[in-house]
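Chemist: Sequence plus predicted model, see below.
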Amino acid sequence: MTDKKLVDILLPVYNEEHVLEKSVTALREFLQDNVADFDWIITIGDNASTDKTLEVGKELEKRFEDVRVFHLDRKGRGRMVKYAWQKSEAEILSYMDIDLSTGLEAFPPMVRAILDGYDVVIGSRQYKGAEVERSFKREAISRGYIWILKLLLRFPFTDAQCGFKAVSKQLVNDLFDRIEDDEWFFDTELLYLAHRNGYKVKELPVRWVEDRDSRVKITRTAWLDIKGVFRMRKYERQGKILIEKE
Ligand SMILES: Nc1nc2c(ncn2[C@@H]2O[C@H](COP(=O)(O)OP(=O)(O)O)[C@@H](O)[C@H]2O)c(=O)[nH]1
Ligand SMILES: [Mg+2]
């Protein structure tokens, strides 16, 4: 045993058999070469994949002692993040999209910010210093969404949906039972609750190269996001946003 902190790196996956092995290999190599000040474990989080994602994951689990697989039957990235982070023994919890759209060089600084006392650190594609290559359509949707969040929730952050985040175990213990969304609004709900309850949130500019292979159904997701925003407003009126801290 070392006295280094353990970081769990969740890779949420849904029908990703084609990239899973390649991305896990690339991530392991990056961590072996660039990380010495904390320990890490990679958790592949599959729910409901209908291709061979789970089988590939189990192969990787057998091959590498620092890789494990979690599985759930029902879909939803938020559902997996909630499950995996609550179950994890690690002191720092992170997740990243399997397409590695976010440049990995942001990973060590993200973890170090949590070690320095932040409760949440989020990759941002809009924060000063970020470098982003993505389609006009996704850029416009992302900016429009942030604008709605600012207007309707006074949301103070520049990006809610970047698939690259880390939190402390304390935050998971304090807040996660309160987060209701199990899909894509999960991230916004987490950030909103963290912000309103006074947790320290840091935005980290990232390098983002869009992968056109997407699991997101844009119209459905946008509608559910809007519903989520109005649920937050309702919960504010009902006094359900602020938690009692022990
Ligand atoms: N565990 C899990 N992961 C999912 C689910 N849906 C999408 N993902 C993963 O979430 C990440 C982001 O998805 P992606 O399609 O790249 O989103 P985009 O970059 O916004 O187009 C990828 O790693 C997906 O495999 C799901 O239902 N469950
Ligand atoms: Mg993607």
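Modeler: The structure has been received and is ready for your questions. Computed from a prediction, not measured in an experiment: that's the story for all the values here. Ligands and ions are numbered 1, 2, ... in the order given.
Chemist: Give me every residue in the protein that's in contact range of ligand 2.
Modeler: The chain comes close to ligand 2 at residues 97, 99, 101, 211, as judged by C-beta under 5 Å from the ion. For the C-beta atoms, the positions are set from N, CA and C on the backbone; glycine is no exception.
Chemist: What is the burial count for P156?
Modeler: Number of residues near P156 (other C-beta atoms under 10 Å) recorded here: 12.
Chemist: try K245
Modeler: 7.
Chemist: got the phi/psi numbers for the closest residue to it other than its chain neighbours?
Modeler: Nearest residue to K245 in three dimensions, chain neighbours excluded: D174, at 6.8 Å (C-beta to C-beta, 6 or more residues apart in numbering). Main-chain torsions, D174, degrees, to the nearest 10: phi -80, psi -40.
Chemist: one step back: which of the residues of the chain next to ligand 2 are buried?
Modeler: With neighbours counted by 16 or more other C-beta atoms under 10 Å, the residues of the chain next to ligand 2 contain buried members at 97, 99, 101.
Chemist: With secondary structure, pLDDT and distance to ligand 1 added, can I get those residues in TSV?
Modeler: Output for those, formatted as TSV (DSSP: H, G, I helix; E, B strand; the rest coil; pLDDT from 0 to 100; distance: C-beta to the nearest ligand atom, whole Å):
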residue	secondary structure	pLDDT	distance to ligand 1
D97	coil	98	4
D99	coil	97	5
S101	coil	98	6
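Chemist: Closest one of the residues you listed to F164?
Modeler: Nearest to F164 among these is D97, at 7.1 Å by C-beta to C-beta.
Chemist: residues in contact with the nearest residue to the closest one once chain neighbours are set aside?
Modeler: Of all residues not flanking D97 in the chain, G163 sits nearest, at 3.4 Å (C-beta to C-beta, 6+ apart). Contacts for G163 (C-beta atoms under 8 Å, 6 or more residues apart in numbering) come out as 12, 95-97, 101-102, 123.
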